[in-house]
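Novice: predicted coordinates and the sequence they were generated for:
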Amino acid sequence: MKLTVDLGPNSYPIHIENGILAKTGELVSEVFSGKKIMIVSDDNVFPLYGEIITKALSDSGFECHSFVLPHGEPTKSFQSLPKIYEALINAKLTRSDLLIALGGGVIGDLAGFAASSYLRGIKFVQIPTSLLAQVDSSVGGKVAVDLPQGKNLVGAFYHPKAVIIDPDVLNTLPDHFISDGMGEVIKYGCIKDKELFELLCRHTSFDDLKPKLTQIIARCVDIKRIVVEADQFDLGERILLNFGHTLAHTIEQHFNYERESHGEAVGIGMYQITKIAEEKGLTTSGCAEQIKKALEIYKLPDNSNLPIDVLTDAISLDKKNLNNHLNVVLLHDIGDSYVYPTDVSFFDGAGIV
């Protein structure tokens, strides 16, 4: 399956197919006419898929180099950037060369940001290997690093030349990372697709859902494609993709990215924000309970056991907080989302979240 993100000169294809990694060389050849490629990956992913991708690229005539980083969210920091730049310099990559981000959301965001800033920008391709990255972070051109004060506070809009998604790589993922990705899948059902949400809730587990996985990945990617085409720079409708994230990012940061994963934190954020919105009459009653049911099916938490007041300082630094006005994404109902302008007082009295 091939989708195209239509952004004029920044347009790019998204390929979704089981076993597609073996075709990496020919797919890269469609969007890149240079010779030299740097694969940036992590120490979990590269041992699994580095060889097949390097061979596919070499067989297509490319000169391949690789740079492998430690896995995990702490890698997505400024401290990692000089190491990537040094590897690119040592391999003598120029502005006519290509970087491939091979990994989950951390590698995709970090390597993408390195590509956007090295020599003022070199071409890059996303090959996401986690469910979360396949359905969400690899598409849309957001690249970033974290600061101690918050997640993704330094970044850019920098689109890849292609995204190559192979659902087969998910077979090597531990269950924890499958649940992580399902947080974002549930989000897409909540904000844009009631039928998708109901499909998720009709199954009893991820294993039960697995035969429909390629279809579900494609549906999530297509929703994001449509939203990004309408709002490339996060000024309007694209904000809807941040449902649950206002709380999620602060929970992740509070625990130094070492307790809840991103998808788990998004699940908590979606449920808790919807519960608050229901109490204020801003969301149809019962939505929070439906979200809670979906989280239970896919083994995601619905609370962080943190008092809201320990999170409000970080919420005030959220990228959606402009001039002390906070845009919180809420649901009218499942599948129907909207942006609600408010401020940090929206969370007053929420207690434990």
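Specialist: Sure, I can see it.
Novice: could you use CA atoms for every contact and neighbour count after this?
Specialist: Will do.
Novice: from what I can see residue 167 touches residue 18, true?
Specialist: Yes - counting by Cα atoms under 8 Å, residue 167 does reach residue 18; the two are 5.5 Å apart.
Novice: per-residue pLDDT of residue 319, please?
Specialist: Residue 319 is assigned a pLDDT of 51 by the prediction.
Novice: next: the one 4 residues further on.
Specialist: At residue 323, the model reports a pLDDT of 58.
Novice: residue 235 too?
Specialist: Model confidence at residue 235, given as pLDDT, is 81.
Novice: how close does it sit to residue 312?
Specialist: 23 Å (Cα to Cα, to the nearest Å).
Novice: what comes up buried for the helix or strand hosting residue 66?
Specialist: Using DSSP states H and E, residue 66 sits in strand 63-69. Residues of strand 63-69 classed as buried: 64, 65, 66, 68, 69 (neighbour count, 16 or more other Cα atoms under 10 Å).
Novice: what pLDDT does residue 73 get?
Specialist: For residue 73, the pLDDT comes out at 89.
Novice: quick revisit: so for residue 167 and residue 18, which sits in the more crowded spot?
Specialist: For residue 167 versus residue 18, the count of surrounding residues by other Cα atoms under 10 Å is larger for residue 167: 21 against 14.
Novice: picking that back up, dump the strand holding residue 66 to PDB, restricted to CA.
Specialist: Output of strand 63-69 as PDB, limited to C-alpha atoms (Å, rounded to 0.1, in the frame of the first residue of the first chain):
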ATOM      1  CA  GLU A  63      27.600   3.400   0.000                       C
ATOM      2  CA  CYS A  64      26.300   2.700   3.500                       C
ATOM      3  CA  HIS A  65      27.500   3.900   6.900                       C
ATOM      4  CA  SER A  66      25.900   3.400  10.300                       C
ATOM      5  CA  PHE A  67      25.800   5.000  13.700                       C
ATOM      6  CA  VAL A  68      24.200   3.200  16.700                       C
ATOM      7  CA  LEU A  69      23.000   5.000  19.900                       C
END
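Novice: need the residues that contact whichever helix or strand comes after it.
Specialist: For strand 63-69, the following helix or strand on the C-terminal side (DSSP H and E) is helix 81-90. Outside of helix 81-90, the residues that reach it under the criterion Cα atoms under 8 Å, 6 or more residues apart in numbering are 38, 40, 67, 110, 111, 114, 118.
Novice: cool, and stretch 143-163?
Specialist: Residues outside stretch 143-163 that contact it (Cα under 8 Å, 6+ apart) are 10-15, 28, 31, 76-78, 108-113, 116, 123-128, 138-142, 233, 249-250, 253, 314, 317-319.
Novice: any idea how far apart the tips of that stretch sit?
Specialist: With Cα to Cα as the measure, the ends of stretch 143-163 fall 14 Å from one another.
Novice: buried subset of the contacts of stretch 143-163?
Specialist: The neighbour-count test (16+ other Cα under 10 Å) applied to those identifies 12-15, 28, 76-78, 108-113, 116, 123-128, 138-142, 233, 249-250, 253, 314, 317-318 as buried.
Novice: circling back to that earlier point, more neighbours: residue 235 and residue 312, which one.
Specialist: Summary of the neighbour comparison: residue 235 and residue 312, criterion other Cα under 10 Å, with residue 312 having more neighbours (17 against 10).
Novice: how about that one, what does it touch?
Specialist: Contacts for residue 312 were tallied using Cα under 8 Å, 6+ apart; they are 344, 347.
Novice: quick check on it: phi, psi?
Specialist: Dihedral pair for residue 312: phi -70, psi -30, per degrees, to the nearest 10.
Novice: ok, it to residue 342 distance?
Specialist: As it turns out, when the distance is counted by Cα to Cα, residue 312 lies 14 Å from residue 342.
Novice: then residue 208?
Specialist: The span separating residue 208 from residue 342 equals 40 Å under the rule Cα to Cα.
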